[in-house]
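> Predicted structure and sequence below. I'll ask about it afterward.
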Amino acid sequence: MMRIMTCALAVCFIAMLVAASDLHAWQPPSQGGFVPVEQLGNQEQLPATPLVAAAYGAAWGAILLYVWTIWRRLARVEREIADVSRRIDAGTRR
């Protein structure tokens, strides 16, 4: 179980590093001073988009990992309850 969590964290960390590498290569446009908005035209740049996407991906990955671990533990508890019920119905003890 611990190995799975470690692998999932490693994958999330690698995904964040890949997304951050795009940000490192990004250079802001050089401007020679004040430029009025009218001269900028219709250019919108979101340099934080890769980081936001990586953050959302890591958060959803952590949520899915958490739900998966709870699902597995719940299945194990249900098996144990079914086993105890069978033993009680059979009238035997461990």
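Great, that's in hand. Residues are numbered from 1 along each chain as shown.

> just checking, what packs against the one helix or strand residue 14 maps to?
Here residue 14, judged by DSSP states H and E, is contained in helix 2-25. The contact analysis (3 or more CB pairs under 8 Å, 6 or more residues apart in numbering; DSSP states H and E) places helix 2-25 against helix 49-90. C-beta: built from backbone N, CA, C; applies to glycine.

> Helix 2-25 and the helix it packs on, what's the angle between them?
170 degrees (axes from the mean of the first three to the mean of the last three CA atoms, to 10 degrees).

> In terms of secondary structure, what does helix 49-90 contact?
By 3+ CB pairs under 8 Å, 6+ apart, helix 49-90 packs against helix 2-25.

> Could you point out the helix or strand that follows the helix it packs on?
helix 37-40.

> export that next one as PDB, just CAs?
Only the C-alpha atoms of helix 37-40 are listed here, as PDB (Å, rounded to 0.1, in the frame of the first residue of the first chain):
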ATOM      1  CA  VAL A  37      -3.700  49.200 -24.100                       C
ATOM      2  CA  GLU A  38      -5.000  50.200 -27.500                       C
ATOM      3  CA  GLN A  39      -1.600  49.400 -29.000                       C
ATOM      4  CA  LEU A  40      -1.400  45.900 -27.500                       C
END
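
> From the chain's centroid, how far away is that helix?
38 Å (CA atoms, centre = their mean, to the nearest Å).

> now stretch 69-86
27 Å.
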